[in-house]
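Chemist: Give me a 3D structure for the following:
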Amino acid sequence: MEITWMRHGETEWNRQRRIQGRQDIPLAPTGRKQIIDLIAEWERIDRHWEAVVTSPLQRAFISGKIIADWLHIPLRIDDAFIERGFGILEGLCKDEWEPITQGQLPENLDGVNFGVETFSKMQQRLLVGIHKLQTKHANDRVLIVTHGSVIRYLSNWWEEPLKAIGNAKWIEFKGDKANAYLYTRR
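Modeler: Okay, here's the model as predicted:
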């Protein structure tokens, strides 16, 4: 199985630099355009998958649906790939969350305070989701449309840390956890 991880297209909250977390914010028109432009790029480099799996949040689902419809491949929703929950910080801009967290970046909080999902819970659900994919798509290439904090977490897991991943960007992690290789496009 080969997995490609992709962050959903842009939302208005991305533009406003608000913490989205599990809030179900829709794609902005620019987010839809980003996805269509990305598909055009994939067609030029002959990139394809056998299935698309998305988070249930509409920004990821709609991004994935546009791709699946365009490529005529199956689309499936899996809760394992939902965005990390950021509790009371969701919906806040930096000038609003910074005093609450005393300057700590929300991505670095491990759920001790503020209702943020712990890293261990996030890891458990991602492992379950990946295991389901390995069972169902053992010999397939699968595109997972998910969220920035999920991809950032996975990059640390494969010891190739990312500070951030832009909207409608994609990444593949190669190899096992001990000797992974990371590359990005765009």
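Chemist: where does this protein have its least confident helix or strand?
Modeler: strand 181-185 (a mean of 37; mean pLDDT, DSSP states H and E).
Chemist: Show the pLDDT at Ala28.
Modeler: pLDDT for Ala28: 98.
Chemist: so who does it touch?
Modeler: Contact analysis of Ala28 by C-beta atoms under 8 Å, 6 or more residues apart in numbering lists 9-12, 14-15. All C-beta atoms are positioned from the backbone trio N, CA, C, and that covers glycine.
Chemist: As a check, name the ranges of all helices in this structure.
Modeler: Per DSSP state H, the chain carries helices over the ranges 12-16, 29-44, 58-71, 94-101, 119-136, 148-157.
Chemist: got the angle between the longest one and helix 148-157?
Modeler: So that's helix 119-136. 90 degrees (axes from the mean of the first three to the mean of the last three C-alpha atoms, to 10 degrees).
Chemist: And for the fourth one?
Modeler: Following the same axes, to 10 degrees, one obtains 60 degrees for the angle between helix 94-101 and helix 148-157.
Chemist: and helix 94-101, C-alpha only, in PDB?
Modeler: Output of helix 94-101 as PDB, limited to C-alpha atoms (Å, rounded to 0.1, in the frame of the first residue of the first chain):
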ATOM      1  CA  LYS A  94      -3.400  34.200  17.700                       C
ATOM      2  CA  ASP A  95      -4.100  37.400  19.600                       C
ATOM      3  CA  GLU A  96      -7.000  35.600  21.300                       C
ATOM      4  CA  TRP A  97      -5.400  32.200  22.100                       C
ATOM      5  CA  GLU A  98      -1.900  33.400  23.000                       C
ATOM      6  CA  PRO A  99      -2.800  34.900  26.300                       C
ATOM      7  CA  ILE A 100      -4.800  31.700  27.200                       C
ATOM      8  CA  THR A 101      -1.900  29.400  26.400                       C
END
